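Q: whatever this is, show me its structure:
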Amino acid sequence: MTAAVLAPPRHISPAKALQHGFSLAWRGVLKIRKNPEQLIDVTIQPILFLVMFVYLFGGAVAGSTGAYLQNLAPGLLVQNTLMASLSAGVALNTDVSKGVFDRFRSMPIARSAPLVGAVLADVVRYLVAVAVLLIMATIMGFRIHTNPAAALGAAALMVVAGLCFCWIAVFIGMLVENPGSVQGIMIAVIFPLTFGSNVFVPSQTMPGWLHAWSDVSPVSLLADAMRGLLVGGEVGGPLLGALAWMAGVVLVFFPLAMRAYRRRVG
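A: Next up, the predicted model:
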């Protein structure tokens, strides 16, 4: 056969691939706008967790619900962001099951674009999760003791953390057969991470082995960074540790997700 029949594959630059990812991200945002019920988990769940833990355990853990709220709200932002991140894996698994990726394969777009687009579209979910929890916490008595710049930095940190950790959900979504399995596996991962951290109770009250893990846990480091940004305290050390974890997660799970995606869709 001649070269005219078998044309060389089209080369797509990283910049063009990112552009394709943003285009598919807009598709995800439009889906949220047409089906706002997709945001139920990042609107109802934060309120439930905040109300239950503050009024059930606040007095026992911190002596008063007010003191516990000041410590819990920044940490709960971390848990809610991690919970919001699992939707990318669920959405991608659903698209694969319904044959949507067969259409993507016939389009002149980067192979990574469907995955990157689904991840970027979740920025909306992270911002909604942060806004809902902070509004509810403020109604309950939480107060930011730093400044607007630090508060914006805290919101930005949660968005970046969500974009990094959601690659775990994307990887799982490309491995399992149905969306329900993605959600079940991710909850089994997220709950031990968050409850085995300093989000809900001080690390000092835990057994030695759990205390040691909690001190280096990405969830604890993010929670400490959020507390520093919102209510005051050290930010630099916890933030550097959290950024190291986030970079490590992307370096490990982005290639794994892409490999699983290629195997899944061919």
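
Q: mind pulling the model confidence for the most centrally placed residue in the chain?
A: Nearest residue to the geometric centre of the chain (C-alpha atoms, centre = their mean): Gly162, 2.7 Å. Listed pLDDT for Gly162 reads 94.

Q: I'd say it and Leu120 touch.
A: No: Gly162 is beyond contact range of Leu120, at 10.7 Å (criterion: C-beta atoms under 8 Å). Every C-beta, even on glycine, is put in place using the N, C-alpha and C of the backbone.

Q: the residue nearest to the centre of the chain: helix or strand, and which one exactly?
A: helix 148-175 (DSSP states H and E).

Q: so which elements touch that helix?
A: Contact analysis of helix 148-175 by 3 or more C-beta pairs under 8 Å, 6 or more residues apart in numbering; DSSP states H and E lists helix 65-97, helix 113-121, helix 123-140, helix 179-195, helix 218-230, helix 236-265 as its packing neighbours.

Q: residues touching stretch 213-229, excluding its own?
A: 71, 74-75, 77-79, 82, 146, 150-151, 153-154, 157-158, 161, 165, 193-194, 196-199, 203, 206, 233-235, 238-239, 241-242, 245-246, 249 (C-beta atoms under 8 Å, 6 or more residues apart in numbering).

Q: and it, what's buried?
A: For stretch 213-229, the neighbour count (16 or more other C-beta atoms under 10 Å) marks 213-215, 217-229 as buried.

Q: what's the mean pLDDT across that stretch?
A: pLDDT averaged over stretch 213-229 gives 95.

Q: then stretch 85-99?
A: On average, stretch 85-99 scores 81.

Q: and if you look at stretch 115-127?
A: In this model, stretch 115-127 has an average pLDDT of 85.

Q: distance between the ends of that stretch?
A: One end of stretch 115-127 sits 20 Å from the other (C-alpha to C-alpha, to the nearest Å).

Q: cool, thanks, signing off.
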